[in-house]
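Colleague: Make a model of this:
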Amino acid sequence: MIGPRCASPSWTSGTGRFGGTGVYRRAFVLLGLVVLSGCAADASAPRELKFGHVGEPGSLFALSADEFARRANQRLPEGWEVVTYGSSQLGGDELLLQKIKLGTVDFALPSTIMSSQVDAFGLFEMPYLVRDREHMRAIENDVVWPDLAPQASAAGYRILAVWENGFRHVTNSRKPIETPADLAGVKLRTPSGVWRLKLFQALGANPTPMALSEVFIGLQTGVIDGQENPLAQIWASKFYEVQDYLSLTGHVYTPAYLVVSPARWDAMPEEIRAILEEEARATQAYVYETATGLDAELLVRVREAGVSVNEPDRQPFLDASAALYDEFGSTVTGGGEMLQRATAAGSN
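Modeller: Residues are numbered from 1 along each chain as shown. Model (predicted):
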């Protein structure tokens, strides 16, 4: 058993004992809320720590979350347990972030959506900013922890570790994407994020924000022509079943952030926080190693599934979207300076 549970008060909407209208019913409802409030779980007591994410089984998100849970649970004292809920079981990214603030979910793994919560996270929406994972590690040290993490905390999200969503590529059902001109008129699903919309508008596509859990049906029914995601998400979500073409554009690298509610986190015992933070940071090496292997393995499997794969010249895509750098630098507080440090990170 993991911590105490409180039963909810019971009443009906009819005309029974507590079902009538007027002051008595209102008083009972108020009493119920007070009882529930008083029974709210003590954040310092042993309990299940809920970890919600949007990744399907076999995705990098699922593998990463499960590895973190395995490591943490080996060290946590009796009564404490990290339990993962993938496939948007606890909600999509937006709802999960709301639940983080409310304290009804303990961990979430947002990626692109962070740019919609904190403007500065739009840094990772800049095309071709991150060269490789070593460069990302340098950006993490030079920009994420000193600049982005404090802003996330002020917005209600404490970052414990930086993991990965990955290098994103375009799939569609119309034709190979060799140049930005090939995206003209393509109805392309994107995550909710103003910079991703701006990117694909600049490239000539018709970007359509949509929850990841809805994308397969959208592709299958022709509501959208294509989507863009890392290979691990493309494979785990089975987009290869409803897409004919994969173009290795690598247009954006998206980190993923293991976040918790600052209030819930601060209420946990120090020994619990230490274990969770240590294992969250240590899991990054597993994430990067797994992601590198998946990139190679899944490209072969996608080809074997019958998808036509091409690798376009990336320079025309960067040229077509370069204005986003100027816009980010001029409209986001400190954006220009962050871009300079991110670009130069690791150069020494």
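Colleague: Any stretches of this protein with poor pLDDT?
Modeller: Low-confidence segments of the chain, defined by pLDDT under 70, span residues 1-41, 348.
Colleague: Do you have the helices of this protein handy? List them.
Modeller: Counting by DSSP state H, the chain forms helices over residues 23-38, 60-75, 93-102, 114-117, 133-139, 149-154, 194-202, 212-221, 231-236, 262-267, 270-304, 315-321, 323-331, 335-344, given from the N-terminal end onward.
Colleague: any chance of those helices in TSV, plus distance to Lys187 and mean neighbour count?
Modeller: No exception for glycine: its C-beta is placed from N, CA and C like everyone else's. Listed next are the helices of the chain as TSV, based on distance: least, CB to CB, whole Å; neighbours: other CB atoms under 10 Å:
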stretch	distance to Lys187	mean neighbour count
helix 23-38	45	12
helix 60-75	25	20
helix 93-102	21	18
helix 114-117	21	22
helix 133-139	30	19
helix 149-154	32	16
helix 194-202	10	19
helix 212-221	9	17
helix 231-236	17	24
helix 262-267	39	16
helix 270-304	21	16
helix 315-321	19	16
helix 323-331	21	15
helix 335-344	30	17
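Colleague: and Asp326, how far is that from Gly336?
Modeller: In this view, Asp326 and Gly336 are 9 Å apart by CB to CB, to the nearest Å.
Colleague: Would you quantify the distance from Gly86 to Thr112?
Modeller: In this structure, Gly86 and Thr112 are 17 Å apart, going by CB to CB.
Colleague: ignore the last one, Arg47
Modeller: Per CB to CB, Arg47 is found 30 Å from Thr112.
Colleague: quick one, which of those two is more surrounded?
Modeller: Thr112 (23 against 19; other CB atoms under 10 Å).
Colleague: Please name the spatially closest residue to that one (chain neighbours excluded).
Modeller: Pro191 (4.1 Å; CB to CB, 6 or more residues apart in numbering).
Colleague: Please name the residues that touch that neighbour.
Modeller: The neighbours of Pro191, taking CB atoms under 8 Å, 6 or more residues apart in numbering as the test, are 93, 111-113, 209, 212.
Colleague: For the residues you listed, name the two members farthest from one another.
Modeller: Checking the contacts of Pro191 against each other with CB to CB, the farthest-apart pair comes out as Ser111 and Pro209, at 13.9 Å.
Colleague: More neighbours: the two, which one.
Modeller: Ser111 (25 against 13).
Colleague: ok, the more buried one - contacts?
Modeller: Contacts were defined as CB under 8 Å, 6+ apart; by that measure Ser111 touches 93, 165, 191, 254-257.
Colleague: let's see 7 Å
Modeller: Contacts here follow CB atoms under 7 Å, 6 or more residues apart in numbering; on that basis Ser111 touches 165, 254-256.
Colleague: can you count the residues close to the residue lying closest to Gln243 once chain neighbours are set aside?
Modeller: In space, Gln243 comes closest to Thr171 once its chain neighbours are excluded; the distance is 4.1 Å by CB to CB, 6+ apart. The local packing count at Thr171 equals 26, with neighbours defined by other CB under 10 Å.
Colleague: Thr171 against Tyr245, yeah?
Modeller: Yes - between Thr171 and Tyr245 there is a contact at 6.4 Å, judged by CB atoms under 7 Å.
Colleague: So which of the helices of the chain is nearest Ala181?
Modeller: Distances from Ala181 to each of these were compared by CB to CB, and the smallest falls on helix 315-321, at 8.6 Å.
Colleague: Just list what that closest one packs against, helices and strands only.
Modeller: Contact here means 3 or more CB pairs under 7 Å, 6 or more residues apart in numbering; DSSP states H and E; on that basis helix 315-321 packs against helix 194-202.
Colleague: For the helix it packs on, name the packing helices and strands.
Modeller: The criterion is 3+ CB pairs under 7 Å, 6+ apart, and the helices and strands that helix 194-202 contacts are strand 187-190, strand 206-209, helix 315-321, helix 323-331.
Colleague: Figure out how far the third one is from the centre of its chain.
Modeller: It refers to helix 315-321. 26 Å (CA atoms, centre = their mean, to the nearest Å).
Colleague: repeat for the first one
Modeller: Its chain's C-alpha centre and that of strand 187-190 lie 17 Å apart, by CA atoms, centre = their mean.
Colleague: try stretch 239-256
Modeller: 16 Å.
Colleague: buried sites along it?
Modeller: With burial defined by 16 or more other CB atoms under 10 Å, the residues of stretch 239-256 counted as buried are 239-240, 242-243, 245-256.
Colleague: Using CSV, lay out the helices and strands packed on helix 194-202 together with distance to Ala285.
Modeller: Written out in CSV, the entries for the helices and strands packed on helix 194-202 read as follows (distance: least, CB to CB, whole Å):
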stretch, distance to Ala285
strand 187-190, 30
strand 206-209, 33
helix 315-321, 30
helix 323-331, 30
